[in-house]
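>>> Next input, structure requested:
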Amino acid sequence: MTTHPTYDQLIDLPAYVEQPVPMPFEDINGHLNVRHYIGIASEGLDESLVEVGIPQMWPLTDNQACFSAEHHVTYLNELRTGSEMSARVRLLGRSERAGHALVYLLDHTHRQVACVVEEIFLHIDLETRRTAPWPAEIAAAMDARVAEHAALPFESPTSGSLALR
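Numbering: from 1, shown residues only. Prediction:
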């Protein structure tokens, strides 16, 4: 059985997309609909990548982008409508053209980890619509963030189904 980090272990990481679970995101079961988990995690990852030099307007300013390639989603606890939530990101690694991250959705109302979204994302040159090597300054900043996150005092197991190539 996989043991994910706890709410208390993750709470000190920077928070992204802090908000209550909005009613339009609710499904008939009274909790966050499955389709919104990846969207919220993706927004959190995008916000975190600003800190390594990837602006959210990158496609418009530099004709470059990050595209999602693969996801693995693990649901641990419900996120109920109105509950306060945020995303926390742990950057696991990068290759010449890709990155690997875990995004944790936290439920602050109930002080628990609601979901883990593991993602492989790619650097894309929008002129060719193909993968491209990370710019040197972004690669260096990503490497520094990977090292910082590797030094965290807790393990962050992955699904085992995603890997950098």
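>>> For His123, list each beta-bridge partner.
Per DSSP bridges, the residues bridged to His123 are Cys66.
>>> tell me the contacts of it?
The neighbours of His123, taking CB atoms under 8 Å, 6 or more residues apart in numbering as the test, are Gln64, Ala65, Cys66, Arg97, Ala98, Gly99, Thr131, Ala132, Pro133, Trp134, Ile138. Where C-beta positions appear, they are placed from N, C-alpha and C, glycine not excepted.
>>> mind checking how far the second one is from Gln9?
As for Ala65, its distance to Gln9 is 32 Å (criterion: CB to CB, to the nearest Å).
>>> what does Leu122 give?
Taken as CB to CB, the span from Leu122 to Gln9 is 29 Å.
>>> What residues of stretch 139-152 count as buried?
Ala139, Ala141, Met142, Arg145, Val146, His149 (16 or more other CB atoms under 10 Å).
>>> Arg90: which of those residues is nearest?
Using CB to CB, His149 comes nearest to Arg90 of these, at 4.9 Å.
>>> where's Glu47, which helix or strand?
helix 34-49 (DSSP states H and E).
>>> what sits against Ala163?
Neighbours of Ala163 in contact, by CB under 8 Å, 6+ apart: His100, Ile120.
>>> Which secondary structure state is assigned to it?
Three states are possible here, and by DSSP: H, G, I helix; E, B strand; the rest coil the one that applies to Ala163 is coil.
>>> what ranges do the helices span in the chain?
Secondary structure of the chain (DSSP state H): helices located at 7-10, 34-49, 58-61, 136-150.
>>> Highest neighbour count among the contacts of His123?
Counting neighbours by other CB atoms under 10 Å, the top entry in the contacts of His123 is Gly99, with 27 neighbours.
>>> and the residue nearest to that one when sequence neighbours are not counted, what pLDDT?
With sequence-adjacent residues excluded and distances taken as CB to CB, 6 or more residues apart in numbering, Gly99 is closest to Phe121, at 5.1 Å. pLDDT for Phe121: 98.
>>> show me where pLDDT drops low in this structure?
1 (pLDDT under 70).
>>> 80 instead, please
1-2 (pLDDT under 80).
>>> one step back: so which bits of the helix holding Glu47 are buried?
36-38, 40-49.
>>> ditto for stretch 22-29
Buried residues in stretch 22-29 (16+ other CB under 10 Å): Phe25, Glu26.
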